[in-house]
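Engineer: Fold the following.
(one chain, ligands or ions: 2)
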Amino acid sequence: NCHLAISRGSLIVLEGLDRSGKSSQCSRLVSYLQEKGIPVEACRFPDRSTSVGQMISTYLANESELDDRTIHLLFSANRWEKRSLMETKLKNGISLIVDRYSYSGVAFSASKGLNIEWCKAPEEGLIAPDLVIYLEIAPEKAAERDGYGCERYEQLEFQRKVAQNYNLLRDSTWKVIDGCLSLETIESQVREQALECVSVCKKGKPLLNMWL
Ligand code: Z5A
Ligand code: MG
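Structural biologist: Ligands and ions are numbered 1, 2, ... in the order given. Reported below is the predicted structural model:
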(Lines give C-alpha, C1' and ligand atoms only; values in the text may rest on other atoms or scores of the structure.)
(Ligands and ions follow the chains in the order given, each with its own letter.)
Protein backbone atom coordinates (compact mmCIF):
# COMPACT_ATOMS: atom_id res chain seq x y z
CA ASN A 1 0.00 0.00 0.00
CA CYS A 2 2.02 2.70 -1.42
CA HIS A 3 0.78 6.30 -1.16
CA LEU A 4 2.18 8.54 -3.84
CA ALA A 5 0.16 11.63 -2.96
CA ILE A 6 1.74 14.72 -4.47
CA SER A 7 2.61 17.28 -1.84
CA ARG A 8 1.11 20.64 -2.63
CA GLY A 9 2.85 23.76 -3.83
CA SER A 10 3.01 27.05 -1.92
CA LEU A 11 1.22 30.28 -2.68
CA ILE A 12 3.75 33.05 -2.14
CA VAL A 13 2.73 36.67 -2.73
CA LEU A 14 4.93 39.75 -3.05
CA GLU A 15 3.39 43.06 -2.06
CA GLY A 16 4.58 46.61 -1.58
CA LEU A 17 4.22 50.13 -2.88
CA ASP A 18 4.95 51.02 -6.46
CA ARG A 19 8.61 50.51 -7.36
CA SER A 20 9.31 48.68 -4.11
CA GLY A 21 10.96 45.91 -6.17
CA LYS A 22 8.24 43.25 -6.32
CA SER A 23 8.65 42.28 -9.98
CA SER A 24 12.46 42.15 -9.69
CA GLN A 25 12.27 39.87 -6.66
CA CYS A 26 9.54 37.65 -8.14
CA SER A 27 11.61 36.82 -11.20
CA ARG A 28 14.76 36.22 -9.14
CA LEU A 29 12.87 33.92 -6.77
CA VAL A 30 11.29 31.93 -9.61
CA SER A 31 14.73 31.34 -11.21
CA TYR A 32 16.23 30.33 -7.87
CA LEU A 33 13.49 27.81 -7.05
CA GLN A 34 13.71 26.38 -10.58
CA GLU A 35 17.46 25.87 -10.14
CA LYS A 36 16.74 24.00 -6.91
CA GLY A 37 14.39 21.68 -8.83
CA ILE A 38 11.26 23.00 -7.11
CA PRO A 39 8.27 23.11 -9.50
CA VAL A 40 7.30 26.79 -9.66
CA GLU A 41 5.49 29.32 -11.84
CA ALA A 42 5.18 33.09 -11.82
CA CYS A 43 1.81 34.89 -11.78
CA ARG A 44 0.94 38.54 -11.60
CA PHE A 45 -2.07 40.70 -10.93
CA PRO A 46 -3.46 42.48 -12.76
CA ASP A 47 -3.20 39.75 -15.39
CA ARG A 48 -3.54 42.04 -18.40
CA SER A 49 -3.88 39.13 -20.87
CA THR A 50 -7.60 38.47 -20.21
CA SER A 51 -10.51 40.62 -21.38
CA VAL A 52 -11.06 41.87 -17.81
CA GLY A 53 -7.32 42.55 -17.65
CA GLN A 54 -7.53 44.62 -20.84
CA MET A 55 -10.17 46.85 -19.23
CA ILE A 56 -7.94 47.29 -16.18
CA SER A 57 -4.92 48.08 -18.32
CA THR A 58 -6.80 50.77 -20.26
CA TYR A 59 -7.97 52.30 -16.98
CA LEU A 60 -4.46 52.31 -15.44
CA ALA A 61 -3.08 54.05 -18.53
CA ASN A 62 -5.69 56.80 -18.00
CA GLU A 63 -7.31 55.87 -21.31
CA SER A 64 -10.69 55.17 -19.75
CA GLU A 65 -12.69 56.32 -16.73
CA LEU A 66 -14.44 53.86 -14.43
CA ASP A 67 -16.37 54.32 -11.20
CA ASP A 68 -14.17 53.46 -8.15
CA ARG A 69 -16.31 50.47 -7.18
CA THR A 70 -16.48 49.22 -10.75
CA ILE A 71 -12.69 49.10 -11.15
CA HIS A 72 -12.37 47.53 -7.69
CA LEU A 73 -14.66 44.67 -8.72
CA LEU A 74 -12.82 44.25 -12.04
CA PHE A 75 -9.50 43.80 -10.20
CA SER A 76 -11.20 41.23 -7.97
CA ALA A 77 -12.82 39.47 -10.97
CA ASN A 78 -9.35 39.29 -12.56
CA ARG A 79 -8.22 37.21 -9.55
CA TRP A 80 -11.41 35.11 -9.52
CA GLU A 81 -10.95 34.18 -13.17
CA LYS A 82 -7.58 32.61 -12.20
CA ARG A 83 -8.68 30.94 -8.96
CA SER A 84 -9.46 27.43 -10.19
CA LEU A 85 -6.30 27.26 -12.31
CA MET A 86 -4.24 28.39 -9.32
CA GLU A 87 -5.84 25.74 -7.12
CA THR A 88 -5.16 23.01 -9.69
CA LYS A 89 -1.53 24.02 -9.97
CA LEU A 90 -1.00 24.19 -6.20
CA LYS A 91 -2.64 20.76 -5.74
CA ASN A 92 -0.37 19.39 -8.48
CA GLY A 93 2.66 20.42 -6.49
CA ILE A 94 3.47 23.64 -8.34
CA SER A 95 4.37 26.63 -6.20
CA LEU A 96 3.13 30.01 -7.40
CA ILE A 97 5.07 33.23 -6.95
CA VAL A 98 2.50 36.01 -7.28
CA ASP A 99 3.29 39.66 -8.02
CA ARG A 100 0.49 41.55 -6.15
CA TYR A 101 -2.76 39.99 -4.89
CA SER A 102 -5.85 40.93 -2.84
CA TYR A 103 -3.80 43.21 -0.54
CA SER A 104 -3.07 45.51 -3.49
CA GLY A 105 -6.74 45.34 -4.40
CA VAL A 106 -7.87 46.50 -0.96
CA ALA A 107 -5.03 48.94 -0.19
CA PHE A 108 -5.43 50.87 -3.45
CA SER A 109 -9.23 51.07 -3.49
CA ALA A 110 -9.45 51.95 0.21
CA SER A 111 -7.02 54.81 -0.48
CA LYS A 112 -9.68 56.38 -2.69
CA GLY A 113 -11.97 56.51 0.35
CA LEU A 114 -13.93 53.28 -0.13
CA ASN A 115 -14.78 51.40 3.07
CA ILE A 116 -12.08 48.81 3.76
CA GLU A 117 -14.56 46.05 4.73
CA TRP A 118 -16.49 46.65 1.52
CA CYS A 119 -13.19 46.36 -0.36
CA LYS A 120 -12.28 43.06 1.35
CA ALA A 121 -15.64 41.37 0.73
CA PRO A 122 -15.22 40.30 -2.93
CA GLU A 123 -11.81 38.76 -2.11
CA GLU A 124 -13.38 36.33 0.36
CA GLY A 125 -12.99 32.76 -0.90
CA LEU A 126 -9.90 33.35 -3.02
CA ILE A 127 -6.98 31.11 -2.02
CA ALA A 128 -5.15 32.46 1.02
CA PRO A 129 -1.40 32.90 0.52
CA ASP A 130 0.95 30.77 2.64
CA LEU A 131 3.41 33.65 2.75
CA VAL A 132 3.16 37.35 1.95
CA ILE A 133 6.47 39.11 1.51
CA TYR A 134 5.97 42.85 1.96
CA LEU A 135 8.77 45.03 0.61
CA GLU A 136 8.66 48.08 2.85
CA ILE A 137 9.87 51.36 1.38
CA ALA A 138 9.12 55.02 2.09
CA PRO A 139 6.96 56.48 -0.71
CA GLU A 140 9.59 59.22 -1.24
CA LYS A 141 12.33 56.61 -1.78
CA ALA A 142 10.22 54.61 -4.22
CA ALA A 143 9.47 57.76 -6.23
CA GLU A 144 13.21 58.22 -6.88
CA ARG A 145 13.41 54.89 -8.74
CA ASP A 146 13.25 54.41 -12.53
CA GLY A 147 9.89 54.24 -14.22
CA TYR A 148 7.88 55.94 -11.48
CA GLY A 149 5.07 58.28 -12.41
CA CYS A 150 3.61 56.86 -15.61
CA GLU A 151 0.40 55.29 -14.40
CA ARG A 152 -2.72 56.44 -12.60
CA TYR A 153 -1.79 55.76 -8.96
CA GLU A 154 1.85 56.81 -9.08
CA GLN A 155 1.58 59.96 -6.98
CA LEU A 156 3.28 60.53 -3.67
CA GLU A 157 0.23 61.55 -1.64
CA PHE A 158 -1.73 58.57 -2.89
CA GLN A 159 1.14 56.16 -2.20
CA ARG A 160 1.26 57.40 1.41
CA LYS A 161 -2.37 56.38 1.88
CA VAL A 162 -1.70 53.04 0.22
CA ALA A 163 1.11 52.39 2.72
CA GLN A 164 -1.27 53.11 5.63
CA ASN A 165 -3.88 50.76 4.23
CA TYR A 166 -1.34 47.97 3.67
CA ASN A 167 -0.52 48.32 7.37
CA LEU A 168 -4.13 47.58 8.28
CA LEU A 169 -3.98 44.31 6.33
CA ARG A 170 -0.87 42.78 7.93
CA ASP A 171 -1.42 39.35 9.47
CA SER A 172 0.62 36.38 10.65
CA THR A 173 1.43 35.25 7.09
CA TRP A 174 3.32 38.51 6.42
CA LYS A 175 7.08 38.85 6.49
CA VAL A 176 8.23 42.45 6.14
CA ILE A 177 11.56 43.05 4.38
CA ASP A 178 13.28 46.44 4.13
CA GLY A 179 12.87 47.38 0.47
CA CYS A 180 15.77 49.85 0.66
CA LEU A 181 18.37 47.11 1.06
CA SER A 182 20.32 46.02 -2.00
CA LEU A 183 18.59 43.79 -4.56
CA GLU A 184 20.93 40.94 -3.54
CA THR A 185 20.35 41.29 0.22
CA ILE A 186 16.60 41.32 -0.28
CA GLU A 187 16.92 38.38 -2.65
CA SER A 188 18.64 36.23 -0.04
CA GLN A 189 16.03 37.09 2.63
CA VAL A 190 13.24 36.29 0.17
CA ARG A 191 14.88 32.93 -0.64
CA GLU A 192 15.12 31.98 3.01
CA GLN A 193 11.45 32.77 3.69
CA ALA A 194 10.30 31.03 0.52
CA LEU A 195 12.26 27.81 1.17
CA GLU A 196 10.84 27.54 4.66
CA CYS A 197 7.34 28.12 3.34
CA VAL A 198 7.72 25.49 0.60
CA SER A 199 8.90 22.92 3.13
CA VAL A 200 6.02 23.59 5.56
CA CYS A 201 3.44 23.30 2.75
CA LYS A 202 5.03 20.07 1.53
CA LYS A 203 4.55 18.56 4.97
CA GLY A 204 0.78 18.92 4.59
CA LYS A 205 -0.19 22.40 5.72
CA PRO A 206 -3.81 22.75 4.50
CA LEU A 207 -4.77 25.07 1.66
CA LEU A 208 -7.10 27.76 3.05
CA ASN A 209 -9.30 30.51 1.68
CA MET A 210 -9.27 34.28 2.23
CA TRP A 211 -9.55 36.03 4.61
CA LEU A 212 -7.57 34.21 7.25
N1 Z5A B 1 -3.69 47.55 -8.45
C2 Z5A B 1 -4.92 47.83 -7.89
O3 Z5A B 1 -5.31 48.98 -7.77
N4 Z5A B 1 -5.71 46.80 -7.49
C5 Z5A B 1 -5.33 45.50 -7.61
O6 Z5A B 1 -6.08 44.59 -7.23
C7 Z5A B 1 -4.03 45.23 -8.17
C8 Z5A B 1 -3.25 46.28 -8.58
C9 Z5A B 1 -3.58 43.81 -8.34
C10 Z5A B 1 -0.46 48.26 -11.62
O11 Z5A B 1 0.35 47.33 -10.96
C12 Z5A B 1 -1.31 49.04 -10.66
O13 Z5A B 1 -2.47 48.31 -10.30
C14 Z5A B 1 -0.63 49.36 -9.37
C15 Z5A B 1 -1.55 48.81 -8.28
C16 Z5A B 1 -2.84 48.64 -8.97
N17 Z5A B 1 -0.66 50.76 -9.26
N18 Z5A B 1 0.07 51.57 -9.03
N19 Z5A B 1 0.52 52.56 -8.85
P20 Z5A B 1 1.67 46.77 -11.60
O21 Z5A B 1 2.04 45.62 -10.74
O22 Z5A B 1 1.47 46.53 -13.04
O23 Z5A B 1 2.75 47.96 -11.40
P24 Z5A B 1 4.19 48.04 -12.08
O25 Z5A B 1 4.10 48.97 -13.19
O26 Z5A B 1 4.75 46.66 -12.33
O27 Z5A B 1 5.13 48.70 -11.02
P28 Z5A B 1 5.44 48.12 -9.63
O29 Z5A B 1 4.93 46.73 -9.57
O30 Z5A B 1 4.90 49.04 -8.66
O31 Z5A B 1 7.02 48.07 -9.43
P32 Z5A B 1 7.76 46.88 -8.65
O33 Z5A B 1 7.47 45.61 -9.38
O34 Z5A B 1 7.47 46.90 -7.23
O35 Z5A B 1 9.28 47.25 -8.79
P36 Z5A B 1 10.35 46.72 -9.87
O37 Z5A B 1 9.77 46.86 -11.24
O38 Z5A B 1 10.90 45.43 -9.46
O39 Z5A B 1 11.49 47.81 -9.61
C40 Z5A B 1 11.27 49.19 -9.90
C41 Z5A B 1 12.62 49.88 -10.18
O42 Z5A B 1 13.40 49.91 -8.99
C43 Z5A B 1 13.49 49.16 -11.21
O44 Z5A B 1 14.20 50.12 -11.93
C45 Z5A B 1 14.41 48.32 -10.35
O46 Z5A B 1 15.62 48.02 -10.98
C47 Z5A B 1 14.61 49.21 -9.15
N48 Z5A B 1 14.85 48.44 -7.91
C49 Z5A B 1 14.18 47.34 -7.49
N50 Z5A B 1 14.66 46.90 -6.31
C51 Z5A B 1 15.65 47.76 -5.96
C52 Z5A B 1 16.54 47.82 -4.83
N53 Z5A B 1 16.50 46.95 -3.83
N54 Z5A B 1 17.41 48.83 -4.80
C55 Z5A B 1 17.48 49.75 -5.80
N56 Z5A B 1 16.69 49.72 -6.91
C57 Z5A B 1 15.78 48.74 -6.98
MG1 MG C 1 5.96 45.31 -10.86
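Engineer: Tell me which residues touch the residue nearest to D130 when sequence neighbours are not counted, please.
Structural biologist: The shortest distance from D130 to any non-neighbouring residue, by Cβ to Cβ, 6 or more residues apart in numbering, is to S10 (4.7 Å). Bear in mind the C-beta positions are built from the backbone N, C-alpha and C, glycine included. Taking Cβ atoms under 8 Å, 6 or more residues apart in numbering as the definition of contact, the neighbours of S10 are 90, 95-96, 130-131, 194, 197-198, 200-201.
Engineer: pLDDT value on S10, please?
Structural biologist: What the model reports as pLDDT for S10 is 98.
Engineer: and the gap between it and P139?
Structural biologist: As judged by Cβ to Cβ, to the nearest Å, S10 and P139 stand 30 Å apart.
Engineer: residue boundaries of the helices in this protein?
Structural biologist: Counting by DSSP state H, residue ranges of the helices within the chain are 22-35, 51-60, 68-91, 102-110, 116-120, 139-143, 156-169, 183-202.
Engineer: which other residues reach the longest one?
Structural biologist: Just to be clear, that refers to helix 68-91. Contacts with helix 68-91, where a contact means Cβ under 8 Å, 6+ apart, come from 6, 8-11, 41, 43, 45-47, 50, 52-53, 55-56, 59, 66, 96, 101-102, 104-105, 108-109, 112-114, 119, 122-123, 126-127, 207.
Engineer: where in this structure is pLDDT low?
Structural biologist: The chain contains residues with pLDDT under 70 at 1-4.
Engineer: For it, list the residues in contact with ligand 1, please.
Structural biologist: 16, 18-24, 45-46, 60, 75, 100, 104-105, 108, 145-147, 151, 153-154, 182-183, 186 (Cβ under 6 Å from any ligand atom).
Engineer: Name only those of those residues that count as buried.
Structural biologist: Neighbour-count burial (16 or more other Cβ atoms under 10 Å) applied to these gives 16, 18-22, 24, 45-46, 60, 75, 100, 104-105, 108, 154, 186.
Engineer: Now for N165, how many residues are close by?
Structural biologist: The burial count assigned to N165 is 18, neighbours taken as other Cβ atoms under 10 Å.
Engineer: And the nearest residue to it once chain neighbours are set aside, how far from R100?
Structural biologist: Beyond its immediate neighbours in the sequence, the residue positioned closest to N165 (Cβ to Cβ, 6+ apart) is A107, lying 4.0 Å away. Going from A107 to R100 by Cβ to Cβ gives 10 Å.
Engineer: Likewise for D171?
Structural biologist: When Cβ to Cβ is applied, the distance between D171 and R100 equals 17 Å.
Engineer: One more: V190?
Structural biologist: Per Cβ to Cβ, V190 is found 15 Å from R100.
Engineer: Ok, V30 next?
Structural biologist: Where R100 is concerned, V30 sits at a distance of 15 Å (Cβ to Cβ).
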